[in-house]
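Peer 1: predicted coordinates and the sequence they were generated for:
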Number of protein chains: 2
Amino acid sequence: MAADILDLSADVVTLARELCDLPSVSGDETRLADAVEAALREHPHLEVLRDGDTVVARTHLGRARRVVVAGHLDTVPVTGNLPTRLEDGVLWGRGTVDMKAGVAVQLVLAATLTDPVHDVTWVFYDHEEVDASLSGLGRVVRHHPDWVGGDFAVLCEPTAAGLEGGCNGTLRAEVRLRGVAAHSARSWTGVNAVHAAGDVLTRLAAYRPADVEVEGLVFREGLNAVLVHGGTATNVIPDACVVTVNYRFAPSRTVEEAEAHVREVLPGYDVVVVDAAAGARPGLDDPTAQDFAAAVLEVTGGRPSAKQGWTDVARFSALGLPAVNFGPGDPLLAHTQDERCPVDQIHACLAALRGWLTGRRPEGLPLGTS
Amino acid sequence: MAADILDLSADVVTLARELCDLPSVSGDETRLADAVEAALREHPHLEVLRDGDTVVARTHLGRARRVVVAGHLDTVPVTGNLPTRLEDGVLWGRGTVDMKAGVAVQLVLAATLTDPVHDVTWVFYDHEEVDASLSGLGRVVRHHPDWVGGDFAVLCEPTAAGLEGGCNGTLRAEVRLRGVAAHSARSWTGVNAVHAAGDVLTRLAAYRPADVEVEGLVFREGLNAVLVHGGTATNVIPDACVVTVNYRFAPSRTVEEAEAHVREVLPGYDVVVVDAAAGARPGLDDPTAQDFAAAVLEVTGGRPSAKQGWTDVARFSALGLPAVNFGPGDPLLAHTQDERCPVDQIHACLAALRGWLTGRRPEGLPLGTS
């Protein structure tokens, strides 16, 4: 097959469509990664690196600060929602929100900003939409931590072109309930483990999650049963039941504090943590972040808010880089059949990032005024 | 393969071992049914009938009353617990309790009682240990109701050689809970269906089942969650949860009353009955039953008690025949790896049934005195 050619000098929406129309479901990103790598290698102001299907391109201009602008190349499975279509200023199709419009913004800027005010590391990574252990960004952090070092990071995940700082942490735990099996015709000879889940679920139903302010942003927490399974047959008193809970916790809490809180809500129960990832503080007190926020707000007119879902900003945060989310598309439409992104938001993100990285007032109009 | 030969003039324990050592897991009863049919056809005082793998043998002596003595030929799967072994007066192995020792008692008496005081219909049926819709007894009731007509029935299911009257009914229902799915990072946008199960399970945990006296016997009820399933992924607020409940109810309640009771315990919930079977009254006020009870008690020295689990006595009850359970083996050992039956109980059941059907004092000694 002939190599795919991406024209990084094209209009950003045209490029976003080309990226979406070249499917790259998690695990199948090689073709797109090849095209991205080849297109970036045309630009001598960039050093281009590759690890698996992750492509990194960076400037070496000797600037005082280095910023990382990152996005992932993979999408969740296509469900008949490709090729893209453009209707009334809205781009429809898989990947338009999560997150190839953001990748298009990155690529246009990577190719055209030969003289940015900060050194920039552009990261295009694989395997974001699957188990966190497969993450291309995580792999690069392990293999080549120097490739993603810097002073500040922007993750182009969809935020509807708003600035979302930090992210909540996430912890999953199993509440394991045990009983004694018996024939259900003689239930008094057993102990019903499913009945024991009644108290656990009632506590979770009554739980009122906190809104936690961290560095001026409000993070909404949540503690929920996400799975419950118990029983083996309709004539047997169940001897086991497992309630899986997911706690989304503010970035002001550590994983250890989050675990302690779950145990406090479910005292005396056998709680086994299955996985956990800390959140990320907004980092908006960093001067580069404030500069970025100002550039974004000049275009979008909105205020920074908290990112509720866990994102890879937490990986940057763990590396010591303050990190924010900023990209086109409504995150609530990510992964949906009707995934779609307003073209306005793509232009707004492009303008805001260009304004920040060139130090010039964005040439775009405030969002919603065009 | 040469036909298997069963010697019905053998000692009842020897015959029980032969029956067990000829495996007949549900669906695979033909070989045993063939052997039973052939052995019974050797006895001219019996009319022998066959439907599928059910064999019926009956006398036609013009007695005033006809009694049915029934047992099933199938077992649950063998789990390395065959061939049988006899140790210290205990017969070990699959089928020894449920219920080939009982079948051996039936076969010995069918062959030897040429002049019983009641006409007797001996029933040996297939597919008892599987879905009730497959029951060989149910099939015969549908195809040839006259084959199983009579005035009183004894089902040789294990009762540890005690007389157990009637049986509880059973009803299964699904309690269907619904919510609204959402990403668990934004749980406030959803409604958690698993949390809604908390109240259902708490009500079931707090439920105190009744002991219900019916015709002098006490039936213990039970209402339990036997299965619970909810949720699809660990990052999604569940939009559905199903709690399956099993209500074991006294034979004094109809199925409709049982259903109404479940709805009363779980008011306002979406309760869908999945299957239900009425119980059976003890029927011990019937003169033939009283005569039988006297014969049994002379041997075992015990008192009649209630059968808690649903058994095929309910099918006879539905046909208008009072029916009781009476057979060797502890029902709590049925289906277990360690299934085993005291030889004493096999002899006691043989003696009691022989005494009743011959009208003579049983020649056996009271159980436990030998």
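Peer 2: All right, it came through fine.
Peer 1: what about the nearest residue to A:T30 once chain neighbours are set aside, how many neighbours?
Peer 2: In this structure, A:T30 finds its nearest non-sequential neighbour in A:D53, 5.4 Å apart by CB to CB, 6 or more residues apart in numbering or on different chains. In this view, the C-beta of every residue, glycine as well, is placed from N, C-alpha and C. Counted with other CB atoms under 10 Å in any protein chain shown, residues neighbouring A:D53 total 25.
Peer 1: contact partners for A:D53?
Peer 2: A:E29, A:T30, A:L32, A:A33, A:L73, A:Y125, A:D126, A:H127, A:G136 (CB atoms under 8 Å, 6 or more residues apart in numbering or on different chains).
Peer 1: ok, so of those residues, who is nearest B:G216?
Peer 2: A:H127 (70.8 Å; CB to CB).
Peer 1: and the closest residue in space to A:L8 that isn't next to it in sequence, what does it touch?
Peer 2: Counting by CB to CB, 6+ apart, A:L8 lies nearest to A:A111, which is 3.7 Å off, once chain neighbours are set aside. Residues near A:A111 by CB under 8 Å, 6+ apart: A:L8, A:S9, A:A39, A:L40, A:E42, A:H43.
Peer 1: which among those end up buried?
Peer 2: For the contacts of A:A111, a burial check counting by 16 or more other CB atoms under 10 Å in any protein chain shown picks out A:L8, A:A39, A:L40, A:H43.
Peer 1: helix, strand or coil: sort out the third one for me.
Peer 2: Per DSSP: H, G, I helix; E, B strand; the rest coil, the secondary structure class of A:L40 is helix.
Peer 1: quickly note the distance from it to B:G52.
Peer 2: 75 Å (CB to CB, to the nearest Å).
Peer 1: try A:A351
Peer 2: For A:A351, the distance to B:G52 - CB to CB - is 80 Å.
Peer 1: ok so, going back, can I get the buried part of the contacts of A:D53 as one PyMOL selection?
Peer 2: Selection of buried members from the contacts of A:D53 for PyMOL, criterion 16+ other CB under 10 Å:
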select buried, chain A and resi 29+32+33+73+125+126+127+136
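Peer 1: hmm, stretch A:164-179 in reach of chain B?
Peer 2: Yes. Shown here: stretch A:164-179 in contact with chain B (CB under 8 Å from any CB of the partner chain) through A:N168, A:T170, A:R172.
Peer 1: buried set for that stretch?
Peer 2: In terms of neighbour count (16+ other CB under 10 Å), stretch A:164-179 has its buried residues at A:164-175, A:177, A:179.
Peer 1: per-residue confidence averaged over that stretch?
Peer 2: Model confidence over stretch A:164-179, given as mean pLDDT, is 95.
Peer 1: do stretch A:121-131 as well
Peer 2: 94.
Peer 1: before we move on, the earlier item: and the contacts of A:A111, which two are furthest apart?
Peer 2: A:S9 and A:L40 (12.8 Å).
Peer 1: quick check: closest non-adjacent residue to the residue lying farthest from the centre of chain A.
Peer 2: Here the centre of chain A is the reference, and by CA atoms, centre = their mean the most remote residue is A:R186, at 51.2 Å. Nearest residue to A:R186, sequence neighbours excluded (CB to CB, 6+ apart): B:Q308, at 5.6 Å.
Peer 1: all helices of the stretch 101-250 of chain A, in order?
Peer 2: A:136-143, A:193-206 (DSSP state H, counting those that start in this stretch).
Peer 1: and the ones you listed, which is most packed in?
Peer 2: Of all these, helix A:193-206 has the most neighbours on average by mean count of other CB atoms under 10 Å in any protein chain shown, namely a mean of 22.
Peer 1: point me to the residue of the stretch 251-370 of chain A nearest chain B.
Peer 2: Nearest to chain B in the stretch 251-370 of chain A, going by CB to the nearest CB, is A:G309, at a distance of 3.4 Å.
Peer 1: what mean pLDDT does stretch A:297-309 get?
Peer 2: Confidence for stretch A:297-309, expressed as mean pLDDT, is 84.
Peer 1: quote the end-to-end distance of it.
Peer 2: 22 Å (CA to CA, to the nearest Å).
Peer 1: work out for me the element A:H60 sits within.
Peer 2: Per DSSP states H and E, A:H60 falls between elements, in no helix or strand.
Peer 1: can you pull the contacts of it?
Peer 2: A:E47, A:D119.
Peer 1: in strands, which of the residues of stretch A:164-179 next to chain B appear?
Peer 2: Under the assignment DSSP state E, the residues of stretch A:164-179 next to chain B contribute A:T170, A:R172 to strands.
Peer 1: can I get the residues of stretch A:164-179 next to chain B in JSON lines with distance to A:R263?
Peer 2: Formatted as JSON lines, the residues of stretch A:164-179 next to chain B follow (distance: CB to CB, whole Å):
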{"residue": "A:N168", "distance to A:R263": "19"}
{"residue": "A:T170", "distance to A:R263": "17"}
{"residue": "A:R172", "distance to A:R263": "14"}
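Peer 1: kindly indicate which of the residues of stretch A:164-179 next to chain B lies nearest chain B.
Peer 2: Closest approach between the residues of stretch A:164-179 next to chain B and chain B, by CB to the nearest CB: A:R172, at 5.3 Å.
Peer 1: does that closest one really touch A:N246, like I thought?
Peer 2: Yes. Counting by CB atoms under 8 Å, A:N246 is a contact partner of A:R172 at 5.3 Å.
Peer 1: tell me, what's touching the two both at once?
Peer 2: A:V226, B:T234.
Peer 1: mean confidence score for stretch A:191-203?
Peer 2: Taken as a whole, stretch A:191-203 has a mean pLDDT of 98.
Peer 1: what does it rub up against?
Peer 2: Residues outside stretch A:191-203 that contact it (CB under 8 Å, 6+ apart): A:175, A:177-180, A:225, A:228, A:230-231, A:237-241, A:243, A:265-266, A:269, B:194-195, B:197-205, B:224-228, B:243.
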